[in-house]
Structures are given as C-alpha cells and as structure tokens.
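Novice: Predicted model, plus sequence, below.
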Amino acid sequence: MAQIKLNATYGLTGTLPAVSGANLTSLTSGNLTGALPAISGASLTTLNASNVSSGTLNAARYSGGKILQVVQAYINDDVSTTNTTWTAITGFEVDITPSATSSKILILASAGCEKGGTSSDFGAFTLYKDDSTNLGETTYGFGLESAEGGYARGFLSLNWLDSPSTTSSVNYQIYMKNNASDSIKVGGGNASSVIIAMEVGA
Amino acid sequence: MAIDKFFEAIKILRPDTEMTWVLPIETEEDFNKVQWTVGVDNGKAVSNTSCPHSEITWTLVKAEMDKLDG
C-alpha cells in the first residue's frame, strides 16, 4: 500500500500512488522532461503547416500541377524584317533550366505586330527551341498576320507546352517571316514584346 | 502607321532586299547594325551586319531618306 509521510524538514516524501492522468488537470508543459514515446502522426490532428520549418517534402507527398519556376524576358524594340525565311527576333527569347527531366515548360508570348504589303501578303510567327527546332508548323508557324489593304496591325499571342526532357538550359525564341514581299514587325511604338517560361512539375 | 523612311529608301535603292532592323535607323551607327540576309540554313535566315549589296550604302540610303523628308 502506498504510503506518504509528512516530514517537517523535507515536506512530503514517499511514493505517490498510481493515479489516472485524467486527474492531472493543470500540468504545464514546462514541468515535462524526458523523451516522448513513439506516437503515430495520425494523432497530430491540428498540426499547422507553418510549424513545419525545416526539411524537404518528398515529391510523392504532393501531386501534379506545380509551378516550380518562372522566367520572363521582354524587349521594347520595334524589330522589322523583310526576310522570307524564319528570322530570330533578338531579345525576344528566354532561357530556362528545368529542375527535372519529367518537367514540362509552358511558354507564353505576346506582342503587338504590323504587316505591310499587298492584300495577298502575310507574315507568320513561330517558336524555336535552342535555335534549331521549329515547334510550330513549318510554313505558318503559330499564326499569320495578313496585310489586308496594304497594311494591318495585330496582336501576337503564342502558347506552347513543351517537354524538353533535360535538366540543361533550354532556349525558347520567337521567330518571324514574310511569305513574299514587304515587311513584318513586332513592337509598334516600342511596345513591349514579352515571353514567359514556366516549369511545371510532373 | 508611321512611315519607316529607312525601309522606303531601301525599296527605292534595291527592291526585295532581305534584312532585319530595329527602328529607328537615323544614323550610320544605326545602319551598321542592320542584319543583311545572305543565305538560308534549314529554313532559317543567315545574316550578318556586312551589307552584300553594292546598291546600298549609308550615303545612298541617307540621301533617299532626306528626299523623303523633302
């Protein structure tokens, strides 16, 4: 039988009887020492994400649709060409280095554009990867700007989801050309031509 | 559309010249940055800043641009 003695010098001594933890109604954490027993994470029902301050989550713990990085570039130049073959637009390009071979790269590009010539003339825009692969259709690229009435102004909006399968730097650049005579231009009043590359995790 | 006097001058001196330029072209320094197309490689234009056409020099281009101003 548990026995507690009252001593005038040391106060209470002896061994406490086994008591239910339910009776410890005002135990503060400051009085706790020692190691916690192994407990299941399933018991942590109100853990706030802001309390997780270190470590790296395993990729398997979160699923697709992640934007891992975003890179943007732009020019404020009026660039014109009379070329009838695909012509790189200097500065209208972006470099991105994927963090995984399984990542996809979403390209978004926009610019004002102007086309001069006869009504049967058109200009076209496309997207090249690493200055070697035309990601658009061979002749028409990603779209046309016709020269109705001898001159037309339009807006270039180009989107592409690429799977580069590399962790090396990849370059994406906008090209333009004419089908025949006269010229095509991006910019117009030095308006901004913008290209954005987003790495999307698998 | 603002008249691109440089382009108009080139069309007078040598129609159908293939080139790429950044506006404005107002000085010889600007002119020397024009990319003149000299060939094609796998569907892409090959160009450099050395004009291969004897009909086109800065002096001649400037003269035509001045006429357009007049």
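Specialist: Received it, and whenever you're ready, just let me know what you need.
Novice: Just give me the residue closest to the centre of the chain.
Specialist: You didn't say which chain, so I picked chain A. Compute the mean C-alpha point of chain A, and by C-alpha atoms, centre = their mean the closest residue is A:Ile67, 2.9 Å away.
Novice: right idea, wrong chain: chain B
Specialist: By C-alpha atoms, centre = their mean, chain B has its centre lying nearest to B:Ile10, at 5.5 Å.
Novice: list the contacts for that one?
Specialist: With contact set as C-beta atoms under 8 Å, 6 or more residues apart in numbering or on different chains, B:Ile10 has these partners: B:17, B:19, B:56, B:61. C-beta coordinates here come from the backbone N, C-alpha and C atoms, glycine included.
Novice: Up against chain A, what does chain B have?
Specialist: Within chain B, the residues that sit near chain A (C-beta under 8 Å from any C-beta of the partner chain) are B:1, B:4, B:7, B:16-23, B:37, B:40, B:42-45, B:47.
Novice: ok, back up a step: on the three-state scheme, the residue nearest to the centre of chain B is what?
Specialist: At B:Ile10 the chain is in helix, as set by DSSP: H, G, I helix; E, B strand; the rest coil.
Novice: next one: B:Phe7
Specialist: Of the three states, B:Phe7 takes helix according to three-state DSSP.
Novice: okay, now it: neighbour count?
Specialist: The local packing of B:Phe7 (other C-beta atoms under 10 Å in any protein chain shown) involves 20 other residues.
Novice: So it sits against A:Ile184, correct?
Specialist: No: with contact defined as C-beta atoms under 8 Å, B:Phe7 does not count as touching A:Ile184 (11.5 Å).
Novice: between those two, what contacts are shared?
Specialist: Common neighbours of B:Phe7 and A:Ile184, using C-beta under 8 Å, 6+ apart, are A:Ser80.
Novice: Could you give the average pLDDT over the longest strand anywhere in chain B?
Specialist: Of all segments of type strand in chain B, defined using DSSP state E, the longest is strand B:35-41. Strand B:35-41 comes out with an average pLDDT of 97.
Novice: which regions of chain A sit below the pLDDT cut-off?
Specialist: Within chain A, the stretches with pLDDT under 70 are A:1-4, A:59-65.
Novice: cool, and chain B?
Specialist: When residues are selected by pLDDT under 70, those of chain B lie in B:1-2.
Novice: quick one: the helices in it?
Specialist: Ranges of helices in chain B, per DSSP state H, are B:5-13, B:28-31, B:58-69.
Novice: Show me which residues of chain A sit near chain B.
Specialist: Counting by C-beta under 8 Å from any C-beta, chain A sits next to chain B at A:77-88, A:90, A:114, A:116, A:128, A:132, A:134, A:138, A:151, A:153, A:175, A:177, A:181, A:183, A:185, A:187.
Novice: In strands only, show me those.
Specialist: Of those, the ones assigned to strands by DSSP E are A:79-81, A:87-88, A:90, A:114, A:116, A:128, A:134, A:151, A:153, A:175, A:177, A:185.
Novice: Going by neighbour count, which of the residues you listed are buried?
Specialist: Neighbour counting over those (16 or more other C-beta atoms under 10 Å in any protein chain shown) leaves A:79-81, A:87-88, A:114, A:116, A:128, A:134, A:175, A:177, A:185 as the buried ones.
Novice: Redo those residues as CSV? Include distance to A:Ser165.
Specialist: What follows is these, written out as CSV (distance: C-beta to C-beta, whole Å):
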residue, distance to A:Ser165
A:Val79, 31
A:Ser80, 36
A:Thr81, 32
A:Thr87, 28
A:Ala88, 24
A:Glu114, 37
A:Gly116, 40
A:Tyr128, 17
A:Asn134, 18
A:Tyr175, 22
A:Lys177, 28
A:Lys185, 35
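Novice: Going by distance to A:Gly30, which of those wins?
Specialist: A:Tyr128 (65.3 Å; C-beta to C-beta).
Novice: check contacts around that closest one.
Specialist: A:86, A:88, A:134-135, A:172-175, B:44.
Novice: Repeat the analysis, applying 6 Å as the threshold.
Specialist: Under the criterion of C-beta atoms under 6 Å, 6 or more residues apart in numbering or on different chains, the neighbours of A:Tyr128 are A:134, A:173, A:175.
Novice: Thank you, goodbye.
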